[in-house]
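> pasting the sequence and the predicted coordinates here, then a few questions.
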Amino acid sequence: MNLVDALSPDSAEYSMLTTFPFDVRFFTEYLSREFSDAGVASPVILMDHDRYQQNLQDGPWQPGSLQGNYYLEPVEVGEVFHPKIAVTVGEDHIDVTVSSANL
């Protein structure tokens, strides 16, 4: 699935994504513009809590670099949070794509 193809300017107002990793640079340099052009003000991105913490402690992330045009929320579960789901909502429809059933 190409998420960008699902975001036409008249089709999305809200979006929620789930992921295990999150690449801040890729999102801010590529996807954030696509979300903005589609009319999505602040997509919600749910990611694995342990990976989030690891990136803050050991990785390239700095707390300031997490500020942007999205809302990033770590999810803590007993194992690894690894589902791949994209939800886009428009005025008269909702699109849900599941590309990994690891719920």
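Nice, I can see it.

> strands of this protein, start to end?
14-19, 44-48, 71-75, 84-89, 94-100 (DSSP state E).

> ok, which of those comes nearest Ser36?
strand 14-19 (11.1 Å; Cβ to Cβ). To be clear about C-beta, it is placed using only N, CA and C from the backbone, and glycine gets the same treatment.

> and the strands of the chain, which is most packed in?
strand 14-19 (a mean of 20; mean count of other Cβ atoms under 10 Å).

> what about the residue of the chain most remote from its centre, distance to Ala12?
The centre of the chain is farthest from one residue, Asp92, which by Cα atoms, centre = their mean lies 22.0 Å away. From Asp92 across to Ala12, the span is 12 Å (Cβ to Cβ, to the nearest Å).

> could you do Val96 as well?
Using Cβ to Cβ, Val96 is found at 12 Å from Ala12.

> between the two ends of stretch 89-96, how far is it?
9 Å (Cα to Cα, to the nearest Å).

> again but with stretch 22-37, I slipped
21 Å.

> centroid residue for this protein?
Centroid-nearest residue in the chain: Ile45, 3.3 Å away (criterion: Cα atoms, centre = their mean).

> OK, contacts around it?
Met16, Leu17, Thr18, Thr19, Phe22, Phe27, Tyr70, Tyr71, Leu72, Glu73 (Cβ atoms under 8 Å, 6 or more residues apart in numbering).

> can you tell me who it pairs with across the strands?
Leu17, Leu72 (DSSP bridges).

> how close does it sit to Val87?
Taking Cβ to Cβ, one finds Ile45 at 11 Å from Val87.

> again with Glu79
22 Å.

> before we move on, the earlier item: quick one: the strands of the chain as a markdown table, columns for mean pLDDT too.
Output for the strands of the chain, formatted as a markdown table (pLDDT from 0 to 100):
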| stretch | mean pLDDT |
| --- | --- |
| strand 14-19 | 90 |
| strand 44-48 | 91 |
| strand 71-75 | 89 |
| strand 84-89 | 86 |
| strand 94-100 | 81 |
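
> tally of neighbours for Leu31?
20 (other Cβ atoms under 10 Å).
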